[in-house]
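**Q** Give me the fold of what follows.
(chains A and B)
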Amino acid sequence: EAQVTQNPRYLITVTGKKLTVTCSQNMNHEYMSWYRQDPGLGLRQIYYSMNVEVTDKGDVPEGYKVSRKEKRNFPLILESPSPNQTSLYFCASRGGIRHEQFFGPGTRLTVL
Amino acid sequence: DAKTTQPNSMESNEEEPVHLPCNHSTISGTDYIHWYRQLPSQGPEYVIHGLTSNVNNRMASLAIAEDRKSSTLILHRATLRDAAVYYCILSISYSGAGSYQLTFGKGTKLSVIP
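**A** Residues are numbered from 1 along each chain as shown, chains lettered A, B, ... in the order given. Below you'll find the model as predicted:
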């Protein structure tokens, strides 16, 4: 089944404790991206990647890092999480020139 | 970036057609019109997209105004499972895997009444 998976689905952590949210897709898609969703603010793009070793900032990249060492994986790294990064995070992927973007199920992160 | 305007919420009776409007008066000639929806507790889901001509797929139809300043997503027969937030989004045209991005607005929350 074609899908985007994220782990963990839920995470509660404390300020300053480094964490990684993994994202993997099995569709051989070139394009991957991360979004965060907050009440009243909608979905905002954090980072995106056009292909392996090619990443770029989205609209709200501060406090986040990403890497794209393999085509299928696009982890989101929070080196020193803060409470304002409490949010619902979605990973997405898209193949080549196709328009349809596939989203993962989301990761709900709480930073205390 | 070109912006879209959608009503905050709409209601529909089950098994009736639903027309979800979207205004995009600043659309450029290369902007595609995308629709996604987000069901409760799920990630967004692609619905349909178009450039100039009306489009149909198994989920919905997209009617695009001749001047492209507005579009309408049509659900032909609403079911309870169609209750979701529907996002109308513009994206620039791309070549290959170019700088294509989706900027989500607040969308329209569709409620379906049994």
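**Q** Does the one helix or strand A:Arg108 maps to reach chain B?
**A** A:Arg108 is part of strand A:107-111, with elements assigned from DSSP states H and E. No: against chain B, strand A:107-111 shows no contacts by Cβ under 8 Å from any Cβ of the partner chain, the least distance being 9.7 Å. From N, CA and C alone the C-beta is placed, and that goes for glycine too.
**Q** per-residue confidence for the residue of chain B at minimum distance from chain A?
**A** Going by Cβ to the nearest Cβ, chain A is nearest to B:Gly43 of chain B, at 3.3 Å. For B:Gly43, the pLDDT comes out at 94.
**Q** repeat for B:Tyr94
**A** On pLDDT, B:Tyr94 comes in at 54.
**Q** Near B:Ile113, how many other residues are there?
**A** Residues contacting B:Ile113 under the criterion other Cβ atoms under 10 Å in any protein chain shown number 11.
**Q** which non-adjacent residue is nearest the residue nearest the centre of chain A?
**A** The centroid of chain A falls nearest to A:Trp34 when counting by Cα atoms, centre = their mean (3.2 Å). Nearest-residue entry for A:Trp34: A:Ile46, 4.3 Å, with adjacent residues in sequence omitted and distances by Cβ to Cβ, 6 or more residues apart in numbering or on different chains.
**Q** Does the one you found lie in a helix or a strand, and which?
**A** Using DSSP H and E, A:Ile46 maps to strand A:42-51.
**Q** how much space between B:Lys3 and B:Phe104?
**A** As judged by Cβ to Cβ, to the nearest Å, B:Lys3 and B:Phe104 stand 11 Å apart.
**Q** Which residue of the two possesses the greater neighbour count?
**A** Of the pair B:Lys3 and B:Phe104, B:Phe104 is the one with more neighbours under other Cβ under 10 Å, namely 21 against 12.
**Q** which parts of chain A sit against chain B?
**A** Residues of chain A lying close to chain B (Cβ under 8 Å from any Cβ) are A:4, A:30-31, A:33, A:35, A:40, A:42-45, A:48, A:50-51, A:58-59, A:90, A:92, A:94, A:96-97, A:99-106.
**Q** Just the buried ones from those, in PyMOL syntax?
**A** Selection of buried members from those for PyMOL, criterion 16 or more other Cβ atoms under 10 Å in any protein chain shown:
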select buried, chain A and resi 4+30+31+33+35+42+43+44+45+48+50+58+90+92+94+99+101+102+103+104+106
